[in-house]
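In: Kindly return the folded structure for what I paste below:
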Amino acid sequence: MLELVKAGGWPMIPLLMLTVLALAIILERAWTLRRKTVLPPNLGKEVRVWASGGKLDPAHIESLRVTSPLGALLAAALDVRNRPRDQIRERIEDVGRHLVHRMERYLNTLGTISAAGPLLGLFGTVVGMIQMFLGILDHGIGDVNQLAGGIGKALVCTAAGMIVAIPALMAHRWFRGRIAEYIVEMEHEAIQLLDTLEPRAASARVAPGAHGITPTVSVD
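Out: This is a model prediction of the structure:
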């Protein structure tokens, strides 16, 4: 392996750097985007029980907010639970966009690596071919076997670029699909929470008026 790296020449240096960076991003995102970290089991059900029982003090909501992305989304809905349903949905959508941005952290970099890897590999191959043909121009063709070996060494960069790009592309697509799946499930949990909050919000809006009405008595 070390001999192949040496054969590729200096263009192998950025390819090795991209390899290390891609591996670090893949490991970090794989750890961060674990299902139990993003969607803790039974959290949505637990929050709906809180909401139906009225256990919605600010400290409780803040503790929910820091648990996970799902917790942050549900906490955002609880912050405006007494508002109309369309306003609660707007808040959920706004917070959801921020959460998606956080979950997609570093994925643009990973996508760039998957696109840049083959180009850097091709660049290294072109550099190697140029050096080889300049050597032929100065010293002639010489040994055909040596010429074939030089071409093989030049193609090492192309192979290295593909080795970097293919896992990066696969990981990028996989993380994107996983995040999309999470978003669908988080939206489902938020809608279920809205259905739980709606009767309470309606009663909260009616109750003050009911107690504040003074019956009028007509005097003839």
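In: pLDDT averaged over the helix or strand hosting I151, what's the number?
Out: Taking DSSP states H and E as the definition, I151 sits inside helix 144-154. On average, the pLDDT along helix 144-154 is 63.
In: Could you identify the helix or strand that succeeds that helix?
Out: For helix 144-154, the following helix or strand on the C-terminal side (DSSP H and E) is helix 156-212.
In: quick one: contacts for the residue sitting nearest the centre point of the chain?
Out: Nearest to the geometric centre of the chain sits E104, at 2.3 Å (C-alpha atoms, centre = their mean). Applying C-beta atoms under 8 Å, 6 or more residues apart in numbering to E104 gives the contacts 175-176, 179. All C-beta spots, glycine's among them, are computed from the backbone N, C-alpha and C.
In: who wins for neighbours among those residues?
Out: For the contacts of E104, the largest neighbour count, defined by other C-beta atoms under 10 Å, is 22 neighbours, found at F175.
In: Against E90, how distant is it?
Out: From F175 across to E90, the span is 28 Å (C-beta to C-beta, to the nearest Å).
In: And L134, by the same measure?
Out: Taking C-beta to C-beta, one finds L134 at 64 Å from E90.
In: Ok, H188 next?
Out: H188 is 18 Å from E90, by C-beta to C-beta.
In: and if you look at A30?
Out: Taking C-beta to C-beta as the criterion, A30 is separated from E90 by 33 Å.
In: re the thing from before, give me the more crowded residue out of L134 and E90.
Out: Looking at L134 and E90 with other C-beta under 10 Å, you find the greater number of neighbours at E90, namely 13 against 10.
In: could you say which helix or strand contains that one?
Out: In this assignment (DSSP H and E), E90 forms part of helix 85-103.
In: buried residues in that helix?
Out: Going by neighbour count (16 or more other C-beta atoms under 10 Å), the buried part of helix 85-103 is 88-89, 91-92, 95-96, 99, 103.
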